[in-house]
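> Attaching a predicted model along with its sequence, questions to come.
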Amino acid sequence: MLPVPQLLLVIDGDTGRPTEYTGRKQEPPGWWEEFWQRHQQNTGQTREEALELLRRLRGKDWMPRSQAELEQALKALQNSPQ
């Protein structure tokens, strides 16, 4: 198994990185609840079922680093044979 690189959270303003995010840093109230309701309507999977499957495939300590990463991981699950 390859070592997992350590991820550091940058909190001290502009770093000059090309991936710097300048938008809002918080999801609007209720965003996650709406996300999981929409996911269940689209797939039939509850939040718990989706996260259990992702962790079974990606490792028990896997956590998405962003909303986009979570959405990408869930879409990949939908498109792969199970």
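It's in. All figures in this text were calculated on a predicted structure; none of them were measured in a lab.
> and the gap between the closest residue to F35 other than its chain neighbours and Q45?
If you skip the residues right next to it in sequence, F35 has Q67 as its closest partner in space, 7.7 Å away by C-beta to C-beta, 6 or more residues apart in numbering. Yep, even glycine has a C-beta here, placed from its N, CA and C like the rest. Q67 sits 17 Å away from Q45, taking C-beta to C-beta, to the nearest Å as the criterion.
> hmm, back to that, count of residues packed around the residue nearest to F35?
Other residues near Q67 number 12, with proximity taken as other C-beta atoms under 10 Å.
> in terms of contact, does it touch P28 like I think?
No - under the contact definition of C-beta atoms under 8 Å, Q67 does not touch P28, with a separation of 11.5 Å.
> by contact count, what packs against the worst-scoring helix or strand of the chain on mean pLDDT?
Ranked by mean pLDDT, DSSP states H and E, the helix or strand of the chain with the weakest confidence is helix 67-79, at a mean of 82. Contacts defined by 3 or more C-beta pairs under 8 Å, 6 or more residues apart in numbering; DSSP states H and E place helix 67-79 against helix 31-43, helix 47-58.
> SS state for W62?
Going by DSSP: H, G, I helix; E, B strand; the rest coil, the secondary structure assigned to W62 is coil.
> tell me the contacts of it?
Shown in contact with W62 (C-beta atoms under 8 Å, 6 or more residues apart in numbering): L54, R55.
> mean confidence score for stretch 43-54?
When pLDDT is averaged over stretch 43-54, the result is 90.
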